[in-house]
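Asks: Coordinates for the following, if possible.
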Amino acid sequence: MDPETMKLLAVGLAASLGFLGPALAIGLIGFSALQGIARNPEASGPILTNMILVTAFAEAIGIYALVVTIILVFVG
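Replies: Okay, the predicted model is just below:
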């Protein structure tokens, strides 16, 4: 394999693994928040606030992975 092919394989692997973590995290966050609201409907306000905050942090990791893969494609 030539170096360009290896670079693109590395970019694909970095992107797929970098996006898999946040996707799973956001799914688990949503599941846990809905389960918590179902058990205690009166606490839906604080649960939703914390869910949105943690989802933003998980999404930031995906954005970092996107930036790294773009850098690998165009700079590396």
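Asks: residues making contact with stretch 1-15?
Replies: Residues from elsewhere that reach stretch 1-15 (C-beta atoms under 8 Å, 6 or more residues apart in numbering): A65, L66, V68, T69, L72, V73, G76. The way it works is simple: take the backbone N, C-alpha and C, and place the C-beta from them, glycine included.
Asks: change it to 10 Å
Replies: Here stretch 1-15 makes contact (C-beta atoms under 10 Å, 6 or more residues apart in numbering) with G62, A65, L66, V68, T69, I70, I71, L72, V73, G76.
Asks: for it, the distance to its chain's centre please.
Replies: 21 Å (C-alpha atoms, centre = their mean, to the nearest Å).
Asks: now do stretch 56-73
Replies: The answer for stretch 56-73 is 8 Å, by C-alpha atoms, centre = their mean.
Asks: can I get the CA coordinates of it in CSV?
Replies: Output of stretch 56-73 as CSV, limited to C-alpha atoms (Å, rounded to 0.1, in the frame of the first residue of the first chain):
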residue,chain,number,x,y,z
ALA,A,56,-23.0,19.0,25.0
PHE,A,57,-19.8,17.7,26.6
ALA,A,58,-20.2,14.4,24.8
GLU,A,59,-20.8,16.2,21.5
ALA,A,60,-17.7,18.2,22.0
ILE,A,61,-15.6,15.0,21.9
GLY,A,62,-17.1,14.2,18.5
ILE,A,63,-16.2,17.7,17.3
TYR,A,64,-12.7,17.2,18.5
ALA,A,65,-12.5,13.9,16.6
LEU,A,66,-13.8,15.7,13.5
VAL,A,67,-11.2,18.4,13.8
VAL,A,68,-8.4,15.8,14.1
THR,A,69,-9.6,13.9,11.1
ILE,A,70,-9.8,17.1,9.0
ILE,A,71,-6.3,17.9,10.1
LEU,A,72,-5.1,14.4,9.1
VAL,A,73,-6.6,14.7,5.7
